[in-house]
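S.K.: let's see this in three dimensions:
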Amino acid sequence: MSSDAKPTKGHLRDVTEIVVDEGTDTYRAAYTVQLRGVVYVLHVFKKKSKSGRATPKADLDLIDQRYKAARQHYDMYVRPSTR
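M.R.: As a prediction, the model looks like this:
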């Protein structure tokens, strides 16, 4: 795992976030690999806030919504074919 990749905290602990600083900009990508054999990219964005390092709540909410959708997709379409 890259040194730029870190697990998120709390209820999104199965989601990994990569943070890359490029010049004066910061880019983030959130993905999960906890679902066996599949990588779901949940959100990629340029962090706009100049203060604080935390991921903005609106982005966390979107990641959470997409993570739930990814789990549903996995349970419906991917997992049955691996049995």
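
S.K.: near residue 35, how many other residues are there?
M.R.: 17 (other C-beta atoms under 10 Å). C-beta here means a position set from N, CA and C on the backbone, and glycine is covered the same way.

S.K.: residue closest to the middle of this structure?
M.R.: For the chain, the residue nearest the mean C-alpha position is residue 30 (2.2 Å; C-alpha atoms, centre = their mean).

S.K.: identify the residues contacting it.
M.R.: 8, 15, 16, 17, 18, 41, 42, 43, 44, 59, 63 (C-beta atoms under 8 Å, 6 or more residues apart in numbering).

S.K.: what helix or strand is the fourth one on?
M.R.: In this case it means residue 17. For residue 17, the host element (DSSP states H and E) is strand 15-22.

S.K.: residue 13 is in contact with residue 7, isn't it?
M.R.: Yes: using C-beta atoms under 8 Å, residue 13 is in contact with residue 7, at 5.7 Å.

S.K.: name the residue in the two with the higher neighbour count.
M.R.: Neighbours per residue, other C-beta under 10 Å: of residue 13 and residue 7, the larger number sits with residue 7, 13 against 10.

S.K.: list the contacts for that one?
M.R.: By C-beta under 8 Å, 6+ apart, the contact list for residue 7 reads 13, 14, 15, 16, 17.

S.K.: looking at those, which has the most residues close by?
M.R.: residue 15 (24 neighbours).

S.K.: quick check: that residue touching residue 67?
M.R.: Yes: at 5.9 Å, residue 15 counts as touching residue 67 under the criterion of C-beta under 8 Å.

S.K.: thank you, goodbye.
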